[in-house]
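Participant: need coordinates for the following:
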Amino acid sequence: MEFMPPLNPELPDGQYQDGDPANSVVGSIPPAEAIEHPMREIVHVIEQELGELAPTKNDLTQLYQAIQAMIDGGIGGSSFTGMIGHFATTAAPSGWLKADGSYVDKDTYSALHGIVGITYGPLVGNTFKLPDLRGEFIRSWSDGHTVDSGRTLGSWQKGTLSPVDIDGAGVWSVTASPLTDYVEARELLGVDDFDHTHYTNAKLSAVSGSTYGLPGTSEGTAGTTRPRNMAMLACIKI
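Facilitator: Numbers count the residues shown, from 1 in each chain. Sure thing, here's the model as predicted:
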């Protein structure tokens, strides 16, 4: 659609003007296209986004509904289905689902199922599993790159262990002395607790030469590292 100037332009750049007979000002005469084309554009949007509804003069909210449908579904329909977003809310916005590992109906969310499939778990009945991003950081998939190679899309990766010196008696690289509690020491030094079964052969060694299995002793322990961060709600676009 383009700008259609009046048939009797009196002002620069084809501007329209109101008529004022008292001052001998002739009003602008709009060409038919100036009225027809915007209506056809609006009708096209309504038909494309609200296909089940026929444009009607009795409903003056149809353009709003069509715009809202584009916002909910992504401009261009479902082009953003499967996108991950983070929100400063505790509930998923309209058009999104929490990325919390839930199983959802594959018929209800057919477009999302067509993209996600069984990447995050096998089908259970008529449901498929969403990614579970609660408490997780996202790393870009290597996709054939030599960095972090061998990964599959959606695969989980354990964190890097860091030693935590609790009483200052050993060489553990950092110290939380004089704490004697695992949880308190890890919180002070900003490392996360971890599932010991992911590090079955890992040992902690003290300067004395003693070695300890995980999680360590009251003198030293370990935790997985994390950057500074802020908690947001991870969601996936439907």
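Participant: measure how buried Asn126 is and give me the count.
Facilitator: When counting by other Cβ atoms under 10 Å, one arrives at 12 neighbours for Asn126. C-betas here are computed from N, CA, C, even on glycine.
Participant: doesn't Thr108 make contact with it?
Facilitator: No: the criterion here is Cβ atoms under 8 Å, and Asn126 misses it with Thr108 at 9.3 Å.
Participant: where in this structure is pLDDT low?
Facilitator: 52, 72-79, 164-182, 186-187, 189-190, 219 (pLDDT under 70).
Participant: tell me how far the top helix by length along it lies from the chain's centre.
Facilitator: Of all segments of type helix in the chain, defined using DSSP state H, the longest is helix 32-49. Chain-centre distance of helix 32-49: 33 Å, with Cα atoms, centre = their mean, to the nearest Å.
Participant: ok, stretch 227-238 next?
Facilitator: Centre to centre, stretch against its chain (Cα atoms, centre = their mean), the figure for stretch 227-238 is 7 Å.
Participant: for Gly14, grab phi and psi.
Facilitator: phi 70, psi 30 (degrees, to the nearest 10).
Participant: residue contacts, it?
Facilitator: Phe3, Pro5, Pro6 (Cβ atoms under 8 Å, 6 or more residues apart in numbering).
Participant: buried subset of those residues as a ChimeraX selection?
Facilitator: Applying 16 or more other Cβ atoms under 10 Å to the contacts of Gly14 leaves a buried subset, and the ChimeraX line that selects it is:
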select :6
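Participant: helices of this structure, residue ranges please.
Facilitator: Using DSSP H, helices in the chain cover 32-49, 62-73, 110-116, 182-189.
Participant: picking up where we left off before, and the contacts of Gly14, which is closest to Gln48?
Facilitator: Of all the contacts of Gly14, Gln48 sits closest to Phe3, with 23.0 Å by Cβ to Cβ.
Participant: measure the closest one to Gly14 for me?
Facilitator: 7 Å (Cβ to Cβ, to the nearest Å).
Participant: same check on Leu50?
Facilitator: Leu50 is 33 Å from Gly14, by Cβ to Cβ.
Participant: what segments of the protein are strands?
Facilitator: Under the criterion DSSP state E, the chain contains strands at 84-87, 96-98, 103-105, 127-129, 161-165, 203-205, 211-213, 220-224, 233-237.
Participant: tally of neighbours for Ala54?
Facilitator: Neighbours around Ala54, by other Cβ under 10 Å: 11.
Participant: since we're on the nearest residue to His37 once chain neighbours are set aside, how many residues are nearby?
Facilitator: Once flanking residues are discounted, His37 sits nearest to Met1: 5.1 Å by Cβ to Cβ, 6 or more residues apart in numbering. The tally of other residues near Met1 (other Cβ under 10 Å) stands at 9.
Participant: then Trp96?
Facilitator: Neighbour count for Trp96, taken as other Cβ under 10 Å: 19.
Participant: show me the contacts for the residue nearest to it when sequence neighbours are not counted.
Facilitator: Closest residue to Trp96 apart from its sequence neighbours, by Cβ to Cβ, 6+ apart: Cys235 at 4.0 Å. If a contact means Cβ under 8 Å, 6+ apart, then Cys235 has Ile84, Gly85, His86, Phe87, Ala92, Pro93, Trp96, Leu97, Lys98, Ala99 as its contacts.
Participant: go with 6 Å
Facilitator: Gly85, Ala92, Trp96, Lys98, Ala99 (Cβ atoms under 6 Å, 6 or more residues apart in numbering).
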